[in-house]
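Student: Okay, predicted coordinates and the sequence, questions at the end:
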Amino acid sequence: MALTYKKSGVDISKADKLIASIKTIAKTNNPAVLGSIGGFSGFFKLDLKNIKQPILAASCDGVGTKLKLAFYIGEHETAGIDLVAMNVNDLVACGAKPLFFLDYVSSSSLKLKDLTAFIKGISKACKESGCFILGGETAQMPGFYESDEYDAAGFCVGLVDKKEIIDGSSIKNGDVVIGLASNGIHSNGYSFVRKAFSLKYIKTNKKLFYRPTKLYVKPILSLKDKVKIKGIAHITGGGFSDNIIRILPKGITCEIFKCSWPIPEVFTLLKEKTQASMKEMYHTFNMGIGMVVVVSKNDADKALRVLKKEKANAYIIGTCKKSHKKSVIIG
């Protein structure tokens, strides 16, 4: 019998069905989005009338080994939310408003039910973040992945006026560090988690281990409109030290007060199970703080009020001090 692409493991008709489903899920009537999903490129009309020096910001990220939990637990919408969150949270950390999102999903064979749920998660997170799905790529790569598994990457573009870029350069002695609560582990540290606990245990306790990454776009943009934000750090891989230090200017140390916010149960459980040091825990996980914002001492109370109004749990978790070198101290 003659060989066909389908017999080789690539089912184009399945891909067409998935694209049709994506078109329905991601449908928008916003005039900024030109055309529809399925073309060779996506088009977005920029509105620059209120921006003097428009700067495009871009981010790229994935979900990491948390996807292994999605496959085992069988809940893929959460993974779609994670994919968007890891990108838009990075964008808003520099003061940019997310505009549009693209995804790349690759699998050995398309499992329409799982991938449709995944795309629904992407759409849900994009809507909450005020951006649009502009397009993407769905690849079938037979034999490249385990059966029924897939990998994904997300790409997001945002817009910010040059004078409003938040880069941490104005952080100084006496500034206050505010932490926005996380939703648990988010999307970093799952290699550690899977080494500590069996997938069966994680599935049984999925409310602890498998929660979507929190989206911070709306509260941060609202805060930016009302308070001068000096620096923002998205607490991802590398925990507190590796992420906060990226926004500190030379000669500034950030001192974090460990007991200033409630630590979610999942991190206590992880520490007890693994006997990991506190240093290791804070270097691996977000420990209950998904985003850090630095403001002047005079703006701290107002910032907390704004964040509370946005239904974001926030706490004063530290301060900035002069130092001979920039560093992050957790004590």
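Tutor: Happy to help now that I have it.

Student: Check which helix or strand residue 195 maps to.
Tutor: Residue 195 is part of helix 190-196, with elements assigned from DSSP states H and E.

Student: which residues sit against that helix?
Tutor: With C-beta atoms under 8 Å, 6 or more residues apart in numbering as the test, helix 190-196 has contacts from 64-66, 68-69, 185, 202, 209, 270, 273-274, 284-285. Backbone N, C-alpha and C define where each C-beta goes, glycine included.

Student: which helices and strands does the following helix or strand past that helix pack with?
Tutor: Later in the chain than helix 190-196, the nearest helix or strand by DSSP H and E is helix 199-204. Applying 3 or more C-beta pairs under 8 Å, 6 or more residues apart in numbering; DSSP states H and E, one finds that helix 199-204 contacts helix 67-73.

Student: for the longest helix seen in the chain, which positions count as buried?
Tutor: The longest helix of the chain (DSSP state H) is helix 112-129. The neighbour-count check on helix 112-129 (16 or more other C-beta atoms under 10 Å) flags 114-126, 129 as buried.

Student: still on that earlier bit, buried residues in the helix holding residue 195?
Tutor: Counting neighbours by 16+ other C-beta under 10 Å, one finds that the buried residues in helix 190-196 are 190, 192-194, 196.

Student: Which of the residues you listed sits closest to residue 51?
Tutor: residue 190 (38.2 Å; C-beta to C-beta).

Student: burial of residue 178, as a residue count?
Tutor: Using other C-beta atoms under 10 Å, residue 178 has 25 neighbouring residues.

Student: State the helix or strand in which it lies.
Tutor: strand 176-181.

Student: Show me what that strand pairs with in its sheet, parallel or antiparallel.
Tutor: Counting by DSSP bridges, the strands paired with strand 176-181 are strand 289-295 (antiparallel), strand 314-322 (antiparallel).

Student: Quick one: mean pLDDT for it?
Tutor: Mean per-residue pLDDT for strand 176-181: 98.

Student: picking up where we left off before, how much distance is there from the longest helix of the chain to the middle of the chain?
Tutor: Remark: helix 112-129 is offset 14 Å from the chain centroid, using C-alpha atoms, centre = their mean, to the nearest Å.

Student: Contacts for that helix, please.
Tutor: Taking C-beta under 8 Å, 6+ apart as the rule, helix 112-129 contacts 14, 17-18, 21-22, 25-26, 70, 74-85, 88, 98, 101, 103, 105, 107, 132-133, 138, 148, 150, 152, 154, 212, 215, 217-218.

Student: In helices, which of those fall?
Tutor: 14, 17-18, 21-22, 25, 70, 77-85, 88, 217-218.

Student: Buried only: go through these for me.
Tutor: Neighbour-count burial (16+ other C-beta under 10 Å) is assigned, among those, to 14, 18, 22, 25, 70, 77-85, 88, 217.

Student: quick one: which of these is nearest to residue 259?
Tutor: Using C-beta to C-beta, these come closest to residue 259 at residue 85, 27.2 Å.

Student: burial measure for the closest residue to the closest one other than its chain neighbours, as a count.
Tutor: Spatial nearest neighbour of residue 85, excluding adjacent residues (C-beta to C-beta, 6 or more residues apart in numbering): residue 213 at 3.7 Å. By the measure other C-beta under 10 Å, the count of residues near residue 213 is 28.

Student: so where's the stretch 51-200 of the chain uncertain?
Tutor: Scanning the stretch 51-200 of the chain for pLDDT under 70 picks out nothing.

Student: just the strands in the stretch 151-300 of the chain please.
Tutor: Using DSSP state E, counting those that start in this stretch, the strands of the stretch 151-300 of the chain run over 176-181, 231-234, 252-256, 289-295.

Student: CSV please, covering the ones you listed and showing distance to residue 8.
Tutor: Converted to CSV, the strands of the stretch 151-300 of the chain look like this (distance: least, C-beta to C-beta, whole Å):
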stretch, distance to residue 8
strand 176-181, 48
strand 231-234, 41
strand 252-256, 54
strand 289-295, 43
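
Student: Relative to residue 320, which of those strands is closest?
Tutor: strand 252-256 (5.4 Å).

Student: Pull up the pairing partners for the closest one, direction included.
Tutor: Paired with strand 252-256 in the same sheet, following DSSP bridges, are strand 314-322 (antiparallel), strand 327-330 (parallel).
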